[in-house]
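what follows is a predicted protein model with its sequence.
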Amino acid sequence: MSGPGDAAETPDERRRRLEQQALLTRTALGVFRLNGHFIAVSERIAKAGGLTAASWQVLGAVARVPQPVSALARAMGLTRQSVQRTADLLVDQGLAVYRPNPAHRRAKLLSATAEGRAALGRLGPGHATLASHLAETLGPEAFAETAEVLERLSEAMATAESPDT
């Protein structure tokens with residue numbers, strides 16, 4: 001197949017390429033806008049537990065299974081340094097602790113404390129209200145489909161970032 005700008009590109013190939021680029025632009029702008037909405041709503045919900053959206057994200061990830069900061073960062077698509085700062089703040093607030101990691105001497109496991117789990121518990125009503133609103137607004141099937149499409153988009157973007165692409 002011809003590439004962008006290739007003189008051998010047919011009119012149909014050019015149209016298809018431009019349509020794909022327009023879809024990418026719409027998708028990116030939609031995701032950026034959605035991210036802004038999620039952050040704003042998450043900040044409001046997180047306040048109920050004395051948290052920020054970032055601390056909720058990190059604390060929620062280690063509430064059930066302690067993890068090293070580097071694994072959290074990879075799973076969340078964030079830099080290790082930003083997750084480390086949030087983790088250190090959670091530890092300073094008594095909401096999380098660092099525990100020894102049997103698999104790696106230097107990479108400690110971040111674990112939620114009882115106080116941290118209690119803070120997360122206070123977010124339940126706001127979380128449930130938002131989930132109910134989205135299910136009602138989108139419809140249960142479309143809500144589930146949206147989650148699946150976003151998961152697939154995230155996986156596709158992860159492969160687009162790899163050096164092999």
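Okay, I see it. Please read these numbers as outputs of a predicted model, since none were measured by experiment.

contact partners for T52?
Contact analysis of T52 by Cβ atoms under 8 Å, 6 or more residues apart in numbering lists 43, 46. Yep, even glycine has a C-beta here, placed from its N, CA and C like the rest.

and the pLDDT at it?
Per-residue pLDDT puts T52 at 97.

so, low pLDDT: which residues of the protein?
1-7, 162-165 (pLDDT under 70).

all helices of it, in order?
Secondary structure of the chain by DSSP state H: the helices cover 11-47, 53-62, 69-76, 80-92, 114-121, 124-138, 140-161.

wait, which of those is closest to R106?
Among the helices of the chain, helix 69-76 comes nearest to R106, with 10.5 Å by Cβ to Cβ.

and the angle from that closest one to helix 53-62?
With axes from the mean of the first three to the mean of the last three Cα atoms, to 10 degrees defining the directions, helix 69-76 sits at 110 degrees from helix 53-62.

in helix 69-76, what counts as buried?
69, 71-73 (16 or more other Cβ atoms under 10 Å).

nearest to V91, of these?
The shortest approach to V91 among those belongs to V69, at 10.8 Å (Cβ to Cβ).

the closest one and G121, how far apart?
According to Cβ to Cβ, to the nearest Å, V69 stands 23 Å off from G121.

let me have the helices of the chain in JSON lines, extended by distance to K108.
Converted to JSON lines, those look like this (distance: least, Cβ to Cβ, whole Å):
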{"stretch": "helix 11-47", "distance to K108": "24"}
{"stretch": "helix 53-62", "distance to K108": "11"}
{"stretch": "helix 69-76", "distance to K108": "8"}
{"stretch": "helix 80-92", "distance to K108": "9"}
{"stretch": "helix 114-121", "distance to K108": "16"}
{"stretch": "helix 124-138", "distance to K108": "28"}
{"stretch": "helix 140-161", "distance to K108": "26"}
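
deepest-packed of those, please.
helix 53-62 (a mean of 21; mean count of other Cβ atoms under 10 Å).
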